[in-house]
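1. 3D model of this:
(2 chains)
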Amino acid sequence: MILLSLLVSLPAWSPAAFPQQEEAPPRGRAEAWRLDEVRTLDGETLEDVTILVRDGVIERMGQAVVVPAGARVHDLRGRDMVATPPLVLPHADFLVSDRRGRGNHSQYVAADSVWLGEDWAETLLEEGILVVGVDPPGSGLPGRTSVLLVDPEQRRRPEPLVADLHLVVTVTTNAAAVKLVRQALEQGEKAIEKEEKARKEWEKARREWEEKQKAKEAEQGSGKEGDGGQGGEQGSGGAAAGGDGDGAAEEEAPPEEFEPPEIAPSLRAVVEWLRQERVARVQIGSAADWLHWRDVLGERALPYELVLRHPLGTNLVEVVDDLAAAAVRVDVPARISFLPYTRIRVNLPAELAAAGVERLVLSPPSLDLRGVRDWRMAVAEVVAEGLDPEVALRAVTVEPAASLGQEELVAPLAVGGPATFTIWEGDPLDPLARARFVVHSGEVVYDRAAAEASETLR
Amino acid sequence: MNPLLLTFVLFAGPVPASLPVQEPPAGEEAEEAAPAAEEAAEAPVEEAAESAEESPWLAVVGGDVHTVTRGVIPDGTVLCRDGRIFAVGRDVRIPEGARVLRVDGMQVYPGLVAADSRGFVRGRGRDAVDSFDPFSLQVDLALTGGLTTVFGSGMVVKLTRGSLDGYAVRVNPFVTLNVSPTSPGGRRSARERFGKARDFLRELSDWQLRKDLGEDVGEAPEPEGVDEDALALLRGEKTARFNANDLKDLIAICEFLEEYPMKSVVYGGREAWIVAGRLGRAGVRMVIHARDKRWADPDLNRPSGWSIENARILWEHGVEFAIVPAQASVSTMGIMGRDLMTLPIEADFAIRGGLPQEAALEAITLDAAKVLGVDHRLGSIEPGKDADLVICDGDLFHYRTFVQWTVVNGRVVYDKQERPYFAHVRPRPEIAPEEALQALEEALSGDGDEAAVSTEDESGPGEGAAGGADGEADDEAEHGAEAERTAGSGS
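-> Got it, this is the predicted structure:
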């Protein structure tokens, strides 16, 4: 009986019963990655996982994923392969060729100063890095940051993902440095004030013109109704291009479209920041810098992220609670520091996390290429001395991506999300585990085996 | 318990007769002190703070309080509120929820003031503000030596470790003048400027007089071509600073001041002991080194060179002075007393030369504050003044003494056991919680309270006397618990 009913219902299960499948657009070839572990960085670690990728998106992910026929399968199981979102390097100063001193150079964008060598991309992909942020050179208000995709095709002057992102502000406990920032903010506020004043004047002129026009229309109307002959004459006189004075007044042109007063190029980014249209990366190096920054900021509500650039001996640990209370993203070098003039170890990233900094970015211990190569080793040290591994991994992947506005490209691994990940030959926090693949929207942009083979051939 | 009663304070500290008791400050100082004293008498109703950490009150309890102006109060209490001293005495009532710092057996002094310093701020005015690092090593080390206020780069600066709040006390207190006979041009120029300024002030005074007499005198005269600084100095709005060590320069300064009286400070004064009487009559204040060694010149047919008695002789002639070390910075070179880390040791050399210890204390507290024109806020432990305190484990002038806590603006900014510099040297013995509880219970016991209630109206505002509570056991137990929690911990 059951069998019979199944047979009867069979047509209902035929493909024709799923019209959505018929209507679905043709899709690209699926690709399946079979891995020992996936750290989604959304609080989950999945084991023995298949990631099914189609059209640059993760279509399915889990243990029981059916791989469609014809899909390309990368079976990496049994080799401790772990996938995570790719690393995002928040600062890549070594890609910048220009040198600039302290001053207000906020008209410059970092991308203009970038000069890419021959193997820059391979160097970064080897470290599992897919996206880099570039800071403008100099201090004070050195300019605006840019974002690059690590793409071996790009050489010399690249096409950035984002050319113009944050305004960089460096604050140091130094009269000239603080004065520079303070003055830029004050000048920016004056520029805004000037524009608002000009706008109000324009609006007033416009209103007056409109009122005049209305009065005239009313006058014409009442003239037509009350004193038809005269009004008509006047009206017709006006309409006939104004042979007398009244007619000329009627033809008074409306105020031109509002043109805001020109803002000096070095102030535009500051003005955008003051208008909360742009985020600033505020770089500080000591606890006193933080106090001076708060002093400069005063009552202003400006969007900013903090970038800590401190020497090995740092007193920033004294203000971690204040930094946490500011509830901003904090970018801190992944390194164990010391209390000034002592050998007392300070794990500043762990202290920040413990104090409640939710958006933590771990940057390399130094901003040169060596720092990039030591990055994961430094992160491992910080984790070994107390930082939560999940927090650390997020702080080198999705958090810097969010800081660089690339949260849609580098995000926690999830169904429907971008198929952008790095596959590591082991624990990604183990400095000895190397990146095996870097996948960008489903495309393999780095395959270590292939890279090594081509290197051997070369 | 009625919180009103709780917040009344009792000021009944006997002042030992053996120590000189100074009169309350006169003139503008008294004007400054009066409202604060009144405030102490009319103790406001305070809600108990949620925790001692958040409390605006800090009570430093159990130490010998060296007030500078009113002698020593043994086993006294200094009660501070919102960064100012609220009450000082032996049986000061401690408000509920106050932070209590037990300093039994220790010596409590006002924060030390350095009338000259290097390395704390750079630049002038706003630049100096922007360059102050309240976390710097200089600030830390100066606090280990009990320094709470320094003058440098034209600013009087509080060492508000870890904070920029309330650190700038005064900007540009001095106008520097040079009337040295070795610089005849400068001397002539100074006389011309001051002559013009004095003529203008006479003209203005004459105009005012005629106006007051009802004459038609027109508009007030304008100070055209008159030096603003000279005018401010003659009006007493600013202080003249002279840098002079040699006798001839000091005499020239006296002559100048006799001609143009004004508030003045002389930095240097190596040979001041030779003309101390004349300096005293000229009303000069001085900033001196206590061991500014320079031998007498045998070619001169007069006294010359330095004297270890310099400070004593100046003091005897009524000259107020501040003592600073030869090196006005903070260093760790290890030579005790040669820099700001050990300012009291520098003052020791003046004591060795015969200066009374009380005067030496004034020279690094109240008189230094007077030199800088900030004595209405700093330099002594009195109600209304800034809560800047130094708590030592012995006599401030003893070479073995360590500063245990330094308080600036009512905030403990240095605790020897919490900071790495001297924690390992003779660690401070912890005060047992039981002892602290017992001592506090004694302080809170009702013995003196009833008397205090009855004398509430009689007590002068300056004494900060006030009534006590009925002393409910519950509340006292709470106080005891609070004391137990915070006893011996400065933070």
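
2. what does the stretch 1-150 of chain B have sitting close to chain A?
-> Contact residues of the stretch 1-150 of chain B with respect to chain A, defined by Cβ under 8 Å from any Cβ of the partner chain, are listed as B:122-123, B:126-128, B:130-137. C-beta: built from backbone N, CA, C; applies to glycine.

3. Quick check: buried residues in stretch B:276-294?
-> By neighbour count, and taking 16 or more other Cβ atoms under 10 Å in any protein chain shown as the criterion, the buried residues in stretch B:276-294 are B:276, B:278-280, B:282-292.

4. Looking at the residues you listed, which one is closest to B:Phe397?
-> Ranking those by separation from B:Phe397, with Cβ to Cβ as the measure, puts B:Ala290 on top at 11.6 Å.

5. surely that closest one meets B:Leu343?
-> No - contact between B:Ala290 and B:Leu343 fails when scored by Cβ atoms under 8 Å: they sit 10.2 Å apart.

6. Need the overlap of contacts for these two.
-> B:Ile323 (Cβ atoms under 8 Å, 6 or more residues apart in numbering or on different chains).

7. Spit out the contact partners of the closest residue to A:Gly101 other than its chain neighbours.
-> In this structure, A:Gly101 finds its nearest non-sequential neighbour in A:Gly138, 6.0 Å apart by Cβ to Cβ, 6 or more residues apart in numbering or on different chains. Residues counted as contacts of A:Gly138 (Cβ under 8 Å, 6+ apart) are A:99-103, A:105.

8. What does the pLDDT read for A:Gly138?
-> What the model reports as pLDDT for A:Gly138 is 86.

9. Could you do the one 3 residues further on as well?
-> For A:Leu141, the pLDDT comes out at 91.

10. my guess is it meets A:Ser106, correct?
-> Yes - if you go by Cβ under 8 Å, A:Leu141 and A:Ser106 touch, sitting 4.4 Å apart.

11. Overlap in contacts, those two.
-> Contact criterion Cβ under 8 Å, 6+ apart; residues shared by A:Leu141 and A:Ser106: A:167, A:184, A:266, A:269-270.

12. Pull out the buried members of those.
-> The neighbour-count test (16+ other Cβ under 10 Å) marks A:167, A:184, A:266, A:269-270 as buried among those.

13. Same list, those residues, but as CSV with distance to A:Glu193 and secondary structure please.
-> What follows is those, written out as CSV (distance: Cβ to Cβ, whole Å; DSSP: H, G, I helix; E, B strand; the rest coil):
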residue, distance to A:Glu193, secondary structure
A:Leu167, 20, strand
A:Ala184, 15, helix
A:Ser266, 17, helix
A:Ala269, 18, helix
A:Val270, 13, helix
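
14. ok, so of the residues you listed, who is nearest chain B?
-> Using Cβ to the nearest Cβ, the shortest approach to chain B within those belongs to A:Ala184, at 14.0 Å.

15. Which residue would be the closest one in the stretch 201-350 of chain A to chain B?
-> Using Cβ to the nearest Cβ, the point where the stretch 201-350 of chain A gets nearest to chain B is A:Ala288, with a distance of 3.9 Å.

16. Can you name the residues that contact that residue?
-> With contacts taken as Cβ under 8 Å, 6+ apart, A:Ala288 has the following neighbours: A:173, A:315, B:132-136.

17. If we use 7 Å, what do you get?
-> The contact partners of A:Ala288, by Cβ atoms under 7 Å, 6 or more residues apart in numbering or on different chains, come to A:173, B:133-135.

18. again, but for B:Val408
-> Residues counted as contacts of B:Val408 (Cβ under 7 Å, 6+ apart) are B:111, B:148, B:158-160, B:388.

19. what about 8 Å?
-> Residues near B:Val408 by Cβ under 8 Å, 6+ apart: B:111, B:143, B:148, B:158-161, B:387-388.

20. just B:Val403 next, same as before
-> Residues in contact with B:Val403, defined by Cβ under 8 Å, 6+ apart, are B:143-146, B:390-392, B:414, B:416.

21. and it, what are its phi and psi?
-> As for B:Val403, its main-chain torsions (degrees, to the nearest 10) stand at phi -70, psi 130.

22. again, but for B:Thr148
-> Reported as degrees, to the nearest 10, the phi and psi values for B:Thr148 are phi -120, psi -20.

23. thinking it is in contact with B:Val113, fair?
-> Yes - in this structure, B:Thr148 sits in contact with B:Val113. The criterion is Cβ under 8 Å, and the distance is 7.2 Å.

24. can you list residues touching both of the two?
-> With Cβ under 8 Å, 6+ apart as the test, B:Thr148 and B:Val113 both reach B:Leu378.

25. part of a helix, is B:Glu430?
-> No - judged by DSSP: H, G, I helix; E, B strand; the rest coil, B:Glu430 forms no part of a helix; its state is coil.

26. what's the distance between it and B:Arg102?
-> From B:Glu430 over to B:Arg102 the distance is 10 Å, taken as Cβ to Cβ, to the nearest Å.

27. For those two, work out which one has more neighbours and name it.
-> Neighbours per residue (other Cβ atoms under 10 Å in any protein chain shown) separate B:Glu430 from B:Arg102, with B:Arg102 holding more: 24 against 12.

28. Can you give me the pLDDT of that one?
-> 94.

29. Can I get the host helix or strand of B:Asn243 in CSV, CA atoms only?
-> With secondary structure defined by DSSP states H and E, B:Asn243 is part of strand B:239-244. Backbone C-alpha positions of strand B:239-244 (Å, rounded to 0.1, in the frame of the first residue of the first chain) are rendered in CSV as follows:
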residue,chain,number,x,y,z
THR,B,239,55.9,90.1,39.2
ALA,B,240,59.3,91.2,38.0
ARG,B,241,61.9,88.5,37.7
PHE,B,242,65.6,89.3,37.9
ASN,B,243,68.4,86.8,37.5
ALA,B,244,71.3,87.9,39.6
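
30. other SSEs contacting it?
-> Contact here means 3 or more Cβ pairs under 8 Å, 6 or more residues apart in numbering or on different chains; DSSP states H and E; on that basis strand B:239-244 packs against strand B:174-176, helix B:247-259, strand B:264-268.

31. Relative to chain A, which of those is closest?
-> The stretch from the helices and strands packed on strand B:239-244 with the least distance to chain A (Cβ to the nearest Cβ) is strand B:174-176; that distance is 20.5 Å.

32. circling back to that earlier point, make JSON lines from the contacts of A:Gly138 and add secondary structure and pLDDT to it.
-> Formatted as JSON lines, these follow (DSSP: H, G, I helix; E, B strand; the rest coil; pLDDT from 0 to 100):
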{"residue": "A:Arg99", "secondary structure": "coil", "pLDDT": "81"}
{"residue": "A:Arg100", "secondary structure": "coil", "pLDDT": "82"}
{"residue": "A:Gly101", "secondary structure": "coil", "pLDDT": "82"}
{"residue": "A:Arg102", "secondary structure": "strand", "pLDDT": "86"}
{"residue": "A:Gly103", "secondary structure": "strand", "pLDDT": "86"}
{"residue": "A:His105", "secondary structure": "coil", "pLDDT": "88"}
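
33. what ranges do the helices span in the stretch 201-350 of chain A?
-> For the stretch 201-350 of chain A, the helices defined by DSSP state H, counting those that start in this stretch cover A:228-239, A:245-250, A:265-274, A:287-297, A:320-325, A:348-355.

34. Quick check, B:Glu271 in contact with B:Ile251.
-> No - here B:Glu271 lies out of contact with B:Ile251, judged by Cβ under 8 Å, at a distance of 9.6 Å.
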